[in-house]
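**Q** I would like to see how this sequence folds:
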Amino acid sequence: MAPIFCADCGTECALVDGRDVDAHNPEIADAWVWACPVCPASWAHQDKDGGCVGLPAGQATVNARALLRLQVMVPLVRQAPPNEQTLAAARVRAFLADHLDLADQEGLLANLNLDQLRQAWRILHAATYDDVRIWAQRHRGTKRRTPASGEGVAA
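**A** All right, here's what the predicted structure looks like:
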């Protein structure tokens, strides 16, 4: 399994008992979490495969993720007709991933750090759902691929 790094400081995180992070928080008291040894209260739940649900992050990053979702992404998705909102959410996520030059994934917001969240805010705040829909139609059937090693490097 690939190492997991803190979204705030970039330090490699360790799998610890939730009580070691915050014994008073019932959400994590009986769970295994990935925690940063440097940043206080920077943690993320362990997924069923032993990996991490998102990237461990402190409260400021967690709050910024929630604000981006609630104040920008949800209103953008709600611009779509009600019967298309599930598709619209996937399109908005793919639109954002493409503009941030990241691979599209279900938990995209949970993997962003503060700088990426600021950039995401600027990207999405300037967009309408029509912009996203037009982008999706142009990119239909294309998947983002990772460049092969050495590809794109000038000789």
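**Q** Going by C-alpha atoms from here, please, whenever you check contacts or count neighbours.
**A** Fine.
**Q** Next, count neighbours for Pro56.
**A** The number of residues packed near Pro56 is 32, by other CA atoms under 10 Å.
**Q** just checking, it touches Cys39?
**A** No - under the criterion of CA atoms under 8 Å, Pro56 is not in contact with Cys39, lying 9.6 Å apart.
**Q** Would you mind giving the domain segments of this structure?
**A** 1-56, 59-138 (automatic domain parsing).
**Q** and these, which is most packed in?
**A** Among the domains of the chain, ranked by average contacts under mean count of other CA atoms under 10 Å, first place goes to domain 1-56 (a mean of 18).
**Q** Pick out the shakiest of the domains of the chain, pLDDT-wise.
**A** Ranked by mean pLDDT, those bottom out at domain 1-56, with a mean of 86.
**Q** how long is it end to end?
**A** One end of domain 1-56 sits 16 Å from the other (CA to CA, to the nearest Å).
**Q** Quick one: residues contacting the closest residue in space to Arg65 that isn't next to it in sequence.
**A** Of all residues not flanking Arg65 in the chain, Leu109 sits nearest, at 6.2 Å (CA to CA, 6 or more residues apart in numbering). By CA atoms under 8 Å, 6 or more residues apart in numbering, Leu109 lies in contact with Gly54, Arg65, Arg69, Leu117.
**Q** Can you add secondary structure and distance to Asp101 and give these back as CSV?
**A** CSV is the format used below for those (DSSP: H, G, I helix; E, B strand; the rest coil; distance: CA to CA, whole Å):
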residue, secondary structure, distance to Asp101
Gly54, coil, 17
Arg65, helix, 18
Arg69, helix, 19
Leu117, helix, 13
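**Q** Next, give me the two most distant ones among those.
**A** Greatest spatial distance in these: Gly54 and Arg69, 14.5 Å, computed using CA to CA.
**Q** all strands of this structure, in order?
**A** Remark: strands assigned in the chain by DSSP state E are 14-17, 32-35, 43-45.
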